[in-house]
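Peer 1: Here is my input; please provide its structure:
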Amino acid sequence: MTGFVVVMLPLVLALGVWQLQRAAEMRGYQERYFDRLGMLPQAPPRTLSDVDFLRLRLTGEYLPGEHYLVDNKLRNGEPGYWVVSRFRCAGGRVYLLNRGWLAAPASRGELPAVPTPEGPVTVVGVVWPDTGMTLLLAADPWPERWPKRVQRLNVSRMAQDAGAQPAEIRLESGQPGVLAAAPVDAAFRPERHQGYAVQWFGLAVVLLAGFVLFGFYRHGPRS
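Peer 2: So this is what the prediction gives:
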């Protein structure tokens, strides 16, 4: 019993603290979201630091056929992909544009044809923060050739693979090349993580109480 408590108590306390940290992170996202999303679009800064939720105006061209197809994205119950395309600006910098959702073909062995504008265009998109990736239960090898079907949106890996800026820019509706636009509404709920923290700390209290009661009944007076 002592060994169990020694192992589990630090674990549940650490999980509770982690959830409080996540709640603070979500609260920061909320504040920046409401502060910045109403701003006018601006040219991209030289470095993409502290740019969450900024609206950027980019002028350049899509690189033909060079897309990441992020698998397992449902829309109204229909399977499909998020399409993340390489977009090269006039100065040569490459950005990752999340163009939104595209339906999957009936055959799993077939990739969708991605309609893409040709020539120079100007687009407006929102820099979306990296809030953590979904858990994978298996390896996610990426193909060498474009387009590349991947199992999750791994922006840092995409940026390194594509020679692009390390940020996801979600195109707004009506922009050249946008599909069914990815959501840009606030989905950050710090209260949910606060609730998880309360549960973990409550479990820590139960562990301690159980340990004390166990010791009392084991070593207490016997009739």
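Peer 1: Helices of the chain, start to end?
Peer 2: 2-36, 155-162, 190-219 (DSSP state H).
Peer 1: hmm, who's touching the shortest one?
Peer 2: Same thing as helix 155-162. For helix 155-162, the external contacting residues (Cβ atoms under 8 Å, 6 or more residues apart in numbering) are 66, 68, 84, 86, 94, 96, 130, 142, 150, 164-168. C-beta here means a position set from N, CA and C on the backbone, and glycine is covered the same way.
Peer 1: So which of those residues is the closest to residue 7?
Peer 2: Nearest to residue 7, judged by Cβ to Cβ, of these is residue 130 at 32.0 Å.
Peer 1: Look up the closest residue to that closest one, ignoring the ones flanking it.
Peer 2: Distances taken as Cβ to Cβ, 6 or more residues apart in numbering put residue 155 closest to residue 130, at 5.5 Å, once the chain neighbours are dropped.
Peer 1: Number of residues surrounding the one you found?
Peer 2: Residue 155 has 20 neighbours, counted by other Cβ atoms under 10 Å.
Peer 1: Same check on residue 192?
Peer 2: Neighbourhood size, residue 192 [other Cβ under 10 Å]: 13.
Peer 1: Next one, pLDDT for it please.
Peer 2: Looking at residue 192, its pLDDT is 70.
Peer 1: what's the answer for residue 159, then?
Peer 2: As predicted, residue 159 sits at a pLDDT of 94.
Peer 1: re earlier: out of the contacts of helix 155-162, which are buried?
Peer 2: 66, 68, 84, 86, 94, 96, 150, 164, 165, 167, 168 (16 or more other Cβ atoms under 10 Å).
Peer 1: between the contacts of helix 155-162, which is nearest residue 50?
Peer 2: For the contacts of helix 155-162, the nearest to residue 50 is residue 167 (11.1 Å; Cβ to Cβ).
Peer 1: Settle this for me: that closest one is touching residue 96, isn't it.
Peer 2: Yes. Contact criterion Cβ atoms under 8 Å: residue 167 and residue 96 qualify, at 6.9 Å.
Peer 1: what sits against the closest residue in space to residue 71 that isn't next to it in sequence?
Peer 2: Setting aside the residues directly before and after it, residue 71 is nearest to residue 151 in space (Cβ to Cβ, 6+ apart), at 5.4 Å. By Cβ under 8 Å, 6+ apart, the residues touching residue 151 are 70, 71, 72, 136, 140.
Peer 1: and the longest strand for the protein?
Peer 2: Scanning the chain for the longest strand, with DSSP state E as the assignment, gives strand 55-75.
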